[in-house]
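Asker: Build me a model from this:
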Amino acid sequence: MRVIDFDRLRRWPDVEAPELVAHDATDRLLLDTAEEALVAHPTRVSIIGDRYGALTLGAAALVGDHPLRVHQDGRSGELALAANAERLGSTAVVETHALDSALVAGARVVLLQLPRGLDALDETAELIAAHAHPDVEVFAGGRVKHMSTAMNDVLGRRFTAVRAGLARQKSRVLTATGPIRGGAPTWPRTARHGELLVVAHGAAFAGASVDIGTRALLAALDGAQAPAARPGLLAVDLGCGTGVLATSWALGHPDWSVVATDQSWAAVSSAEATAAANGVGDRVEVRRDDAGASLGAGSADLVMLNPPFHVGATVHAGIAHKLFDASARLLAPGGELWCVWNSHLGYRSVLERTVGPTRQVSRTPKFTVTVSTRR
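Answerer: Okay, here's the model as predicted:
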């Protein structure tokens, strides 16, 4: 295959650090394994889960100027792909898609970075099986340490044949063929929690459940005294996931405007559906955005945040710090950041420096809830 300079790829604007990589051996193995199929069917290629552009730019080197249909869950991944294409001088023709039928309709070749969650894999496999060409070949790759035989089983429910390739540099590719048609779509999924109905796509954090950190923050917010109603009050659910915080706030505070924002396609699609299912779809604006970048500085009176403590498969505080910086930018003077975090992480001093005076609202051995007031 034509080689691209993988070492020049960057994660920017996603979090960058020496231990966080923009590509790994899985990207190379997927491209090598699928090379013959890519050359044979250059006009019917779909790429799902490319992180920062390695798969897309590598495939473009094989298919030339034929458009590649690409789905990346994270908005930062899309921006990184565009930046890396420019950095490498690539002429890749990229068509960005949601995780929907247009992404894979008639596809003969699908390159898939295996997600860590089985639900995310199941939703993707269901979509491909329903809409791709009957002779589609799905090349699904991952790091061996993150793969399990359950992944073979998930693919086996959607395809008649699943073959595991030989491992190379601690990566492996599963090849699935023979899509199984028929049956009603099973995604997204819904669950009721008290009065709240949660809708979730497969890759959404916590699925249709309400994670315990969000529960702790909801309990704290229930006891909070909201600012007196006035025109223009804005609450932002930053890193909204399935939109539980945004929807709950909208239900309890009809005089407020609410924005739910997340970089994940699965998250914002789930949040839109959750808000609609609870009758507040007209009052919760959902945006797919990188750390709330499209919202104006000083525009929010309240930010609600349950930040992740990992970047992909790596435990890393980088995204949390990025979201703390974003909260400080978004809040008007006197506005409040209500945040829940794993108690052992000790974020209070960071919040004091980044946002402003911070007090503890509640604490358990597992979670701490704080409120920080913008200086």
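
Asker: ok, then the element right after the strand ranked longest in the chain?
Answerer: Of all the segments assigned as strand in the chain under DSSP state E, the longest by residue count is strand 331-342. On the C-terminal side of strand 331-342, the closest following helix or strand by DSSP states H and E is helix 348-354.

Asker: Same question for that following helix: list its buried residues.
Answerer: Neighbour counts using 16 or more other C-beta atoms under 10 Å place Arg348, Val350, Leu351, Thr354 of helix 348-354 among the buried residues. C-beta here means a position set from N, CA and C on the backbone, and glycine is covered the same way.

Asker: Between those, which sits nearest Ala297?
Answerer: Checking those against Ala297 by C-beta to C-beta gives Thr354 as the nearest, at 14.5 Å.

Asker: coming back round to it: could the buried residues of helix 348-354 go into TSV alongside pLDDT?
Answerer: Listed next are these as TSV, based on pLDDT from 0 to 100:
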residue	pLDDT
Arg348	96
Val350	96
Leu351	97
Thr354	97
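
Asker: Would you format the residues you listed as JSON lines with distance to Val369 included?
Answerer: Supplementary listing: those in JSON lines, determined by distance: C-beta to C-beta, whole Å:
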{"residue": "Arg348", "distance to Val369": "11"}
{"residue": "Val350", "distance to Val369": "15"}
{"residue": "Leu351", "distance to Val369": "12"}
{"residue": "Thr354", "distance to Val369": "17"}
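
Asker: Could you point out which of those residues is nearest to Glu19?
Answerer: Set against Glu19, the nearest of the buried residues of helix 348-354 by C-beta to C-beta is Val350 (19.6 Å).

Asker: residues in contact with Thr175?
Answerer: Contacts for Thr175 were tallied using C-beta atoms under 8 Å, 6 or more residues apart in numbering; they are Thr33, Glu137, Val138, Phe139, Ala140, Val162, Arg163, Gly165.

Asker: again, but for Ser101
Answerer: Counting by C-beta under 8 Å, 6+ apart, Ser101 touches Leu127, Ala130, His131.

Asker: what two of the buried residues of helix 348-354 are the furthest from one another?
Answerer: Put simply, by C-beta to C-beta the two of the buried residues of helix 348-354 set farthest apart are Arg348 and Thr354, 10.9 Å from each other.

Asker: In the stretch 1-150 of the chain, what residue spans correspond to helices?
Answerer: Assigned helices in the stretch 1-150 of the chain, in chain order: 25-40, 54-63, 75-88, 101-104, 118-131, 149-158 (criterion: DSSP state H, counting those that start in this stretch).

Asker: Out of those helices, flag the one nearest Leu218.
Answerer: Between Leu218 and those, the shortest separation by C-beta to C-beta is 22.9 Å, and it involves helix 118-131.

Asker: Chain neighbours aside, what residue packs nearest to the spatially most central residue of the chain?
Answerer: Within the chain, the residue whose C-alpha comes closest to the C-alpha centroid is Ser264; the distance, by C-alpha atoms, centre = their mean, is 3.1 Å. Spatial nearest neighbour of Ser264, chain neighbours left out: Asp73 (5.2 Å); criterion: C-beta to C-beta, 6 or more residues apart in numbering.

Asker: residue contacts, Val94?
Answerer: Thr56, Ala60, Pro67, Leu68, Val70, Leu81, Ala82, Ala85.

Asker: ok, so of the contacts of Thr175, who is nearest Arg288?
Answerer: Ranking those by separation from Arg288, with C-beta to C-beta as the measure, puts Ala140 on top at 24.7 Å.

Asker: tell me the mean pLDDT for stretch 13-21?
Answerer: Along stretch 13-21, the predicted local confidence has a mean pLDDT of 85.

Asker: Ends of that stretch, what's the gap?
Answerer: Across its full length, stretch 13-21 reaches 13 Å end to end, with C-alpha to C-alpha, to the nearest Å as the criterion.

Asker: buried ones in that stretch?
Answerer: Buried positions in stretch 13-21, judged by neighbour count with 16+ other C-beta under 10 Å: Pro13, Asp14, Val15, Val21.

Asker: No further questions, thank you.
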